[in-house]
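Engineer: what's the 3D shape of this:
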Amino acid sequence: MKTPTLTALALGLLIAGCSQMESKPVAQLNDGQLSLPGDYRSWPKFLTAVQREDAKQVRDIYMNADAKKGSADKGFPNGSVFVMENWAVKLDADGKPVKGADGKLVKDKLAAVFVMGKNSGWGGNVPEAQRNGNWIYTAFKGNGELNGEAKYETCRGCHAPLKDKDFVFRYDEHFAAVKTAGY
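Structural biologist: Numbers count the residues shown, from 1 in each chain. Here you go, the predicted structure:
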């Protein structure tokens, strides 16, 4: 019996590895069907401490490894997921937002968590005029419970004007920070 050469073994491993890289079928999901990833706080940060004094909120936004591969010229690839925490801010006796010594709003309670995900064919039940590419949305309460009263048309309506930014808020701000950081 002839023993395989190193080249033959390497070629076999390469072929086997490539065959495992075939894309797995992705479930066709719709709004309200994304789960809240338990480890999202360990993900790279898209943006943090986004100050929304008008809404009396501070927002922290995380992105998964697929989203991290996005670029300003191509947008975000399929498989991208963002998680946005909306924190209520502390209010003073007059109901005005409290700011810390750094001039930033002070977080109080986690009010809501939103998940935004993108994959081929997602959101297929959304009327064409309301689609945000292949992005879908799911809303959770601050305690992590699914928000069964969420109105996903509202998410879509807010993101719709951002078509040229892959429907993602703060797209330019994020990619400017990436460019500045040099990665």
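
Engineer: Mind telling me what element A112 is part of?
Structural biologist: Taking DSSP states H and E as the definition, one finds A112 inside strand 107-118.

Engineer: That strand pairs with which strands, and in what direction?
Structural biologist: strand 81-89 (antiparallel), strand 135-141 (antiparallel) (DSSP bridges).

Engineer: Can you check which of the ones you listed gets nearest to V98?
Structural biologist: strand 81-89 (6.7 Å; CB to CB). The way it works is simple: take the backbone N, C-alpha and C, and place the C-beta from them, glycine included.

Engineer: what sits up against that closest one?
Structural biologist: Outside strand 81-89, the residues within contact range by CB atoms under 8 Å, 6 or more residues apart in numbering are 34, 36-37, 40, 43, 46, 56-64, 66-67, 97-98, 105-118, 168.

Engineer: List buried residues within those residues.
Structural biologist: 34, 40, 43, 46, 56-64, 66-67, 97, 105, 107-108, 110-118, 168 (16 or more other CB atoms under 10 Å).

Engineer: got any ranges where the protein has weak pLDDT?
Structural biologist: When residues are selected by pLDDT under 70, those of the chain lie in 1-26, 182-183.

Engineer: 90 instead?
Structural biologist: Along the chain, segments meeting pLDDT under 90 span 1-28, 47-50, 124-125, 128-129, 173-174, 176-183.

Engineer: how about the helices in it?
Structural biologist: Taking DSSP state H, the helices of the chain run over residues 6-20, 65-68, 152-159, 171-181.

Engineer: Mind listing what's buried along the third one?
Structural biologist: If I follow you right, that is helix 152-159. For helix 152-159, a neighbour-count test (16+ other CB under 10 Å) marks 152, 155-156, 159 as buried.

Engineer: Just the C-alpha atoms of it, please, in PDB.
Structural biologist: Output of helix 152-159 as PDB, limited to C-alpha atoms (Å, rounded to 0.1, in the frame of the first residue of the first chain):
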ATOM      1  CA  TYR A 152     -41.800  47.100  14.500                       C
ATOM      2  CA  GLU A 153     -43.200  49.500  11.900                       C
ATOM      3  CA  THR A 154     -41.800  52.200  14.100                       C
ATOM      4  CA  CYS A 155     -38.300  50.700  13.900                       C
ATOM      5  CA  ARG A 156     -38.600  50.300  10.200                       C
ATOM      6  CA  GLY A 157     -39.900  53.900   9.700                       C
ATOM      7  CA  CYS A 158     -37.000  55.400  11.700                       C
ATOM      8  CA  HIS A 159     -34.400  53.300   9.900                       C
END
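
Engineer: Show me what it is packed up against.
Structural biologist: If contacts are counted by 3 or more CB pairs under 8 Å, 6 or more residues apart in numbering; DSSP states H and E, helix 152-159 sits against strand 135-141.

Engineer: what's in contact with the strand it packs on?
Structural biologist: 29-36, 112-118, 122-123, 146-147, 150, 152, 155-156, 159, 167.
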